[in-house]
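Chemist: Task: produce atomic coordinates for the following.
(2 chains)
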Number of protein chains: 2
Amino acid sequence: MTTSSPLDSDISMPLGMDVDALPTPCLLLDEGRVRRNVDRMKARLAGLGVTFRPHLKTAKCLEVARIAMTTPGGPAMVSTLREAAFFAQGGVMDMIYGVGIAPGKLDRVGAIRRQWGVDLALILDSLDQADAVAAWVKANGDPLPVLIEVDADGHRSGITPGDEALLVAIGRRLVDGGAALRGVLLHAGDSYRLDQADAIADAAEVERMAGVAAADALRRAALPCPMVSVGSTPTARFARSLAGVTEVRAGVFMLGDLFQMGVGTCALEDIAVSVLSTVIGHQRQKGWIIVDAGWMALSRDRGTARQAVDQGYGIVCDLDGKPYGDLIVLDANQEHGIVAVRPGSTASLPDLPLDARVRILPNHACATGAQHDRYHVLDAAGRVAAAWPRINGW
Amino acid sequence: MTTSSPLDSDISMPLGMDVDALPTPCLLLDEGRVRRNVDRMKARLAGLGVTFRPHLKTAKCLEVARIAMTTPGGPAMVSTLREAAFFAQGGVMDMIYGVGIAPGKLDRVGAIRRQWGVDLALILDSLDQADAVAAWVKANGDPLPVLIEVDADGHRSGITPGDEALLVAIGRRLVDGGAALRGVLLHAGDSYRLDQADAIADAAEVERMAGVAAADALRRAALPCPMVSVGSTPTARFARSLAGVTEVRAGVFMLGDLFQMGVGTCALEDIAVSVLSTVIGHQRQKGWIIVDAGWMALSRDRGTARQAVDQGYGIVCDLDGKPYGDLIVLDANQEHGIVAVRPGSTASLPDLPLDARVRILPNHACATGAQHDRYHVLDAAGRVAAAWPRINGW
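Modeler: A predicted model of the protein is given here:
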């Protein structure tokens, strides 16, 4: 299919086309790499004896979700209620909404559960939230499933590990209020700051032990705790043991990115997402090549700036995905990327004339993906096999 | 109008509603402030005797464009060809596409010009581009209007000021090839690094003088140069003289943001855009309030980190837009904002309970806006008067 309107000329592209014919900038997805990344994670977690609950917030895409999930109905994790509704519509029946619930959002949660008959569970970390859920359950007759969030590493949300009094009080309030207490949930977000497998494995052990201890505390109080849910891409990749854990969540590993490469969870060859861009100019005396992927297409994420190797706004590759030696996006304006050899490198600038095309590996797949409304999916021959929509927004 | 699907529950909201009833996170626009910002800029530029060509890349919104433009047909500036087509469809007939043209994009440029009969002009800075334009004009019979970009301050693209040989050669190549040489275009992008009115006025003078000199060189070579187009929000705000300049471009001033406040082009009370967010939790022992606006809603832009006052991911205000004392978004994850008192401040954390709503003033209106597909427009009474769509993507 093609389209006649210049406004929508980027919406529907003929399939089986050469990647070189896509309008730029746009987002490419290497389906083979996604499958390889997923297969590796599934095999690893199956070997550790736990359920895999992929986090869909990175890809935000039904087709990628179907590759990642262990069944077409889930389980899965989402980061927005818009994702929850979208994936429910797509047949995903078992989801956790992974952001602490605000009472004002319960009606929408209930509507999603009702409309698609989906098992959408919530997380929370306070008595106030538990009371609000109990009141909602009483008013609506829908026994909302809830996990109590425990803050394994002081990263963000969740009750303090070891605060058994609060944990049990929340659990009791939920159960007495008619909600379905599902268990505990933890996210070792601080593992993103690490870059050594041993240190990440230690972080995974901290996450696991906090989860197991919380579950034990609930069970000692005669409260149900069928689930102990942990996860992050780094801890899922390097955990030594998951004894006592029932499920692991991870998301960004499906696509990979330069930040995760810096953490050590993937190799450059695993990164499945890239931004296709066109050379639009040169500043030869400065050693700059100007491309049409600025921060609008790459995102403002500069996560690698705090890592051992600063990748600028991304690593520049040829159309086959092979990096040019030490070529990065040194800086970015809204619609301009400034491509140059990495500072300190003695590599020479490749000869990339006007209209030449490059692929840029991004710092952060979650952030770069969000700048685009779809993936152009590459098959094994490097041709565009499909366009897969993303569900952005809230 | 309301909607029945939980998937689309955020798409169409009843108008005249209380802002407190909007789903969060979402983007708010204070129409009165936009009009005030625009009126001030129009008065200033009229006083300096130049045409105003608003840059539409910040707002990416037809309704805002109509407030900003001096006529419903333009002139205007755009940053993507998707914007060009969108605004052409909306009746804007005079536009410059402000990113150096790649030859592979000329067919799409031609299609937009043809379909809507719009005067869409291009910019370029090399003989290769001029040759490609000339070849396209010859093949298609459409005398594309072109401005030659001059790099006033070494910021990005454009020919070096004073390189008259190259300037004239490009101009001659265009004219001989049948293109319509419109003049020269400059953008003092490095003015964003400044924060003193005098220094910005000096940068504006550098921009002006480079433009006037380039125009003189073209005219001495008997080439046409009807337009000398300059601009950036800082230089538009502080230029002392615009003698010899025919038009000024500026965009972000319409909405304002914390980065521009740091540069000195706007006051906090001028910032027309904010992200509405809900309190979803607390980490009281750390002095943190957790809100549902993370970097996905605020963008990853941390531009103020390099300014005198680092605003984190934004300044937190009440529903009337009044800042809580020294309260900022200290850090952000994808869907979590960590709100705290500014480091070093002795202010106390306000009591914001679960479900409380705040408005967050962003670092960068262009980047934050791009995370959203529409503005919820506030009227003078602070109620939601309209939803104005944005044209994101390429």
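
Chemist: According to the record, where do the domains of chain A fall?
Modeler: Domain segmentation of chain A under automatic domain parsing yields A:17-29+A:266-389, A:32-254.

Chemist: Quick one: mean pLDDT for the last one?
Modeler: It stands for domain A:32-254. Domain A:32-254 carries an average pLDDT of 97.

Chemist: That domain close to chain B?
Modeler: Yes - for domain A:32-254, a contact with chain B is found by Cβ under 8 Å from any Cβ of the partner chain, at A:57, A:79-82, A:85-86, A:89, A:99-105, A:108, A:111-112, A:115, A:124-126, A:128-129, A:132, A:151, A:154, A:156-157, A:160, A:189. All C-beta atoms are positioned from the backbone trio N, CA, C, and that covers glycine.

Chemist: So what would you say the end-to-end distance of that domain is?
Modeler: Counting by Cα to Cα, to the nearest Å, you get 11 Å between the two ends of domain A:32-254.

Chemist: next one: it to chain centre, how far?
Modeler: Once both centres are worked out by Cα atoms, centre = their mean, to the nearest Å, domain A:32-254 turns out to sit 14 Å from its chain's centre.

Chemist: ok, back up a step: out of the domains of chain A, the one nearest B:Leu255 is which?
Modeler: domain A:17-29+A:266-389 (13.9 Å; Cβ to Cβ).

Chemist: roughly how far out does stretch A:21-31 sit from the chain middle?
Modeler: Centre-to-centre, stretch A:21-31 and its host chain are 19 Å apart (Cα atoms, centre = their mean).

Chemist: Next: stretch A:316-331.
Modeler: Stretch A:316-331 sits 23 Å away from the centroid of its parent chain (Cα atoms, centre = their mean).

Chemist: Of the residues of domain A:32-254 next to chain B, which belong to strands?
Modeler: Mapping the residues of domain A:32-254 next to chain B onto strands (DSSP state E) picks out A:Leu124.

Chemist: show me the contacts for the nearest residue to A:Pro350 once chain neighbours are set aside.
Modeler: Once flanking residues are discounted, A:Pro350 sits nearest to A:Tyr324: 4.9 Å by Cβ to Cβ, 6 or more residues apart in numbering or on different chains. By Cβ atoms under 8 Å, 6 or more residues apart in numbering or on different chains, the residues touching A:Tyr324 are A:Val316, A:Cys317, A:Asp318, A:Pro350, A:Val358.

Chemist: and the two most separated of those residues?
Modeler: Taking Cβ to Cβ, no two of the contacts of A:Tyr324 sit farther apart than A:Cys317 and A:Pro350, at 10.9 Å.

Chemist: of the two, who's got more company?
Modeler: Taking neighbours as other Cβ atoms under 10 Å in any protein chain shown, A:Cys317 and A:Pro350 compare with A:Cys317 leading, 18 against 15.

Chemist: Distance check, the more buried one against A:Arg359.
Modeler: 5 Å (Cβ to Cβ, to the nearest Å).

Chemist: joint contacts of those two?
Modeler: With Cβ under 8 Å, 6+ apart, A:Cys317 and A:Arg359 have common neighbours A:Ser274.

Chemist: before we move on, the earlier item: so which strand or helix has the residue nearest to A:Pro350?
Modeler: A:Tyr324 belongs to strand A:323-332 when assigned by DSSP states H and E.

Chemist: what comes up buried for that strand?
Modeler: Using 16 or more other Cβ atoms under 10 Å in any protein chain shown as the test for burial, strand A:323-332 gives A:Tyr324, A:Asp326, A:Leu327, A:Ile328, A:Val329, A:Leu330, A:Asp331, A:Ala332.

Chemist: Could you check the pLDDT of the first one?
Modeler: A:Tyr324 is assigned a predicted lDDT (pLDDT) of 97.

Chemist: repeat for the fifth one
Modeler: pLDDT, A:Val329: 98.

Chemist: ok, and the closest non-adjacent residue to it?
Modeler: Spatial nearest neighbour of A:Val329, excluding adjacent residues (Cβ to Cβ, 6+ apart): A:Tyr313 at 3.7 Å.

Chemist: I'd assumed A:Asn363 was in contact with the one you found.
Modeler: Yes - if you go by Cβ atoms under 8 Å, A:Tyr313 and A:Asn363 touch, sitting 6.9 Å apart.

Chemist: what do those two both touch?
Modeler: Counting by Cβ under 8 Å, 6+ apart, the residues touching both A:Tyr313 and A:Asn363 are A:Leu298, A:Arg302.

Chemist: and A:Val339, what is it in contact with?
Modeler: By Cβ under 8 Å, 6+ apart, the contact list for A:Val339 reads A:Trp288, A:Ile289, A:Ile290, A:Val291, A:Val316, A:Leu327, A:Ile328, A:Val329, A:Leu330, A:Leu352, A:Val358.

Chemist: what is the rounded mean pLDDT of the host helix or strand of it?
Modeler: Assigning secondary structure by DSSP H and E places A:Val339 in strand A:337-341. Across strand A:337-341, pLDDT averages out at 98.

Chemist: Run the angle between it and strand A:323-332 for me.
Modeler: Here strand A:337-341 points in a direction 130 degrees away from that of strand A:323-332 (axes from the mean of the first three to the mean of the last three Cα atoms, to 10 degrees).

Chemist: Name the strands paired with strand A:337-341 and say parallel or antiparallel.
Modeler: In the sheet, strand A:337-341 lines up against strand A:288-291 (antiparallel), strand A:323-332 (antiparallel) (DSSP bridges).

Chemist: How about the residue most central in space within chain A: what's its closest non-neighbour residue?
Modeler: Nearest to the mean C-alpha position of chain A, by Cα atoms, centre = their mean, lies A:Thr58 at 2.7 Å. Computed as Cβ to Cβ, 6+ apart, the closest residue to A:Thr58 that is not its neighbour in sequence is A:Gly251, at 4.3 Å.

Chemist: how about that neighbour, what does it touch?
Modeler: A:Pro54, A:His55, A:Leu56, A:Lys57, A:Thr58, A:Ala59, A:Met77, A:Thr233, A:Cys366.

Chemist: Turn these into JSON lines, columns for distance to B:Ala139.
Modeler: Supplementary listing: these in JSON lines, determined by distance: Cβ to Cβ, whole Å:
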{"residue": "A:Pro54", "distance to B:Ala139": "50"}
{"residue": "A:His55", "distance to B:Ala139": "50"}
{"residue": "A:Leu56", "distance to B:Ala139": "47"}
{"residue": "A:Lys57", "distance to B:Ala139": "47"}
{"residue": "A:Thr58", "distance to B:Ala139": "44"}
{"residue": "A:Ala59", "distance to B:Ala139": "41"}
{"residue": "A:Met77", "distance to B:Ala139": "53"}
{"residue": "A:Thr233", "distance to B:Ala139": "50"}
{"residue": "A:Cys366", "distance to B:Ala139": "43"}
